[in-house]
Every structure is written in C-alpha cells, then in structure tokens.
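[1] how would this look folded up:
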Amino acid sequence: IQLTESGGGLVQPGGSLLLSCATSETTSNWYSIGWFRQAPGKEREGMACMKSSGDELYYEPSVDGRFIMSRDDAKKTIYLQMNNLEPEDSGIYYCAADPSGFPANYYCTGMISFDHWGRGTQVTVSP
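    Numbering: from 1, shown residues only. Below you'll find the predicted structure:
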C-alpha cells in the first residue's frame, strides 16, 4: 500500500487544518491506520489510530477532543481534522498503515509498529 499525505501548512494558534492521506488500496477491514507527529528534536509519536475494523479509535491525550480521524473508503483517503491548534502541535505529520487488527492504542503507543508510511506533511502553528 502506498500513502501520500497532503494538507499541511502554516496556521495561527486556535486555527484548524484538515490533513489528508491518499492510499493506493482500500483500508477498511484490511489495514489499521494511524497519524503520527514528529516535532523537531523529538521522536515520532502517535496522535490518532484506528483499528482495521473501524470500530475502535485511539487519540493521544493531548489531542483528544481537538483532533478527529476518519476515512472515506470510496475516495481511499484517511483524514485528520485538527482543531484549536496549539504551537506544540507543530511538526511533520505522517500517516501509516498495517495489515493487522490489534487494538488501536497498541499502534499509537508503539506496542505494534506500522509497516507502511507516507513521507509526511509539515504543520506549523505560529502567530
């Protein structure tokens, strides 16, 4: 599966961005998926993950209530709606997929690694 992110950019604090990840294959029921962030000087960390079945989502606590992950199977696209953005949300955002169906939090916390990654899209939150 190939993944290509888009939608990053510069936004002011309190603003919103919609990230998209185009996939070469349908992910529903086949791939667990996730969005990760890598801030400068920090390790990549999971922000939002979805189990392949689609019935289980996990959000990193600092983004829970502000970020919403979804997917559109007809468009073969994964989304991350980011609201009320903070400077600490800045970084490169990657989408990822894996042909397995473990609990969603396993992927975001690093217990299970994703096999497939996009190249990332830069998000900068600054006045």
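
[2] what are the boundaries of the helices in the chain?
    Taking DSSP state H as the test, the helices found in the chain are 104-108.

[3] so which bits of stretch 69-87 are buried?
    69, 71, 76-80, 82, 85 (16 or more other C-beta atoms under 10 Å). Where C-beta positions appear, they are placed from N, C-alpha and C, glycine not excepted.

[4] who touches it?
    Under the contact criterion C-beta atoms under 8 Å, 6 or more residues apart in numbering, stretch 69-87 has outside partners 3, 11, 13-28, 33, 35, 47-50, 54, 57, 59, 63, 66-68, 89, 93, 95, 123, 125-126.

[5] make a PyMOL selection of the buried ones in these.
    To isolate the buried members of the contacts of stretch 69-87 in PyMOL, using 16+ other C-beta under 10 Å:
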select buried, resi 3+11+17+19+20+21+23+27+33+35+47+48+49+50+54+57+59+63+67+89+93+95+123+125
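
[6] who does the most centrally placed residue in the chain bridge with?
    Nearest to the mean C-alpha position of the chain, by C-alpha atoms, centre = their mean, lies residue 35 at 1.7 Å. For residue 35, the residues forming beta bridges with it (DSSP bridges) are residue 48, residue 95.

[7] who are the neighbours in contact with it?
    19, 21, 46-49, 67, 69, 78, 80, 93-96.

[8] now do the strands in this structure.
    Using DSSP state E, the strands of the chain run over 3-6, 9-11, 17-23, 32-38, 45-50, 57-59, 67-72, 77-82, 91-98, 116-117, 121-125.

[9] switch these over to CSV; also include mean pLDDT and distance to residue 105.
    CSV is the format used below for the strands of the chain (pLDDT from 0 to 100; distance: least, C-beta to C-beta, whole Å):
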stretch, mean pLDDT, distance to residue 105
strand 3-6, 98, 21
strand 9-11, 98, 28
strand 17-23, 98, 20
strand 32-38, 98, 10
strand 45-50, 98, 7
strand 57-59, 98, 4
strand 67-72, 97, 13
strand 77-82, 98, 17
strand 91-98, 98, 14
strand 116-117, 98, 19
strand 121-125, 98, 23
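
[10] pull the distance from stretch 114-126 to the chain's centre.
    8 Å (C-alpha atoms, centre = their mean, to the nearest Å).
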